[in-house]
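from the sequence below, what's the structure:
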Amino acid sequence: MSESKRKIFTGAQKAMIALEAVRGTKTINEIAQENTVHPTQVSQWKK
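Coordinates of the predicted model:
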C-alpha cells in the first residue's frame, strides 16, 4: 500500500492563489480545481 504525500505550498504560491480568488475572475471552485486544493483551503488563504 502506497502512502500519498501532502503537497506543500510556499507562501508565494498561496499568495498567488489567494490573489486570483480576490480578483474574482474565476470562481473559488475553478481556482481550487486548477491548483488541486480543496475550495475551503482557497477561501482560508483568501482571508
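
measure the most centrally placed residue in the chain to residue 3 for me?
Per C-alpha atoms, centre = their mean, the C-alpha nearest to the average position across the chain is that of residue 42, at 4.3 Å. Residue 42 sits 25 Å away from residue 3, going by C-beta to C-beta, to the nearest Å. Backbone N, C-alpha and C define where each C-beta goes, glycine included.

repeat that for residue 14.
On the measure of C-beta to C-beta, residue 14 and residue 3 end up 24 Å apart.

who has more neighbours out of the two?
residue 14 (17 against 4; other C-beta atoms under 10 Å).

that one: what secondary structure?
helix (DSSP: H, G, I helix; E, B strand; the rest coil).

contacting residues for it?
By C-beta atoms under 8 Å, 6 or more residues apart in numbering, residue 14 lies in contact with residue 45.

the one 3 residues further on too?
For residue 17, the set of contacting residues under the criterion of C-beta under 8 Å, 6+ apart consists of 9, 31, 35, 37, 42, 45.

repeat that for residue 20.
26, 31.

state the helix or strand in which it lies.
Per DSSP states H and E: residue 20 is located in helix 11-23.

that helix: how far from the chain's middle?
Distance of helix 11-23 from its chain centroid, counting by C-alpha atoms, centre = their mean, to the nearest Å, is 8 Å.

buried ones in stretch 5-22?
14, 17, 18, 20, 21 (16 or more other C-beta atoms under 10 Å).

what does stretch 37-47 give?
Under the neighbour-count criterion of 16+ other C-beta under 10 Å, stretch 37-47 has 37, 42, 45 buried.

cool, stretch 20-33 as well?
Going by neighbour count (16+ other C-beta under 10 Å), the buried part of stretch 20-33 is 20, 21, 28, 31, 32.

distance from it to the middle of the chain?
For stretch 20-33 - counting by C-alpha atoms, centre = their mean - the centre lies 9 Å from the chain centre.
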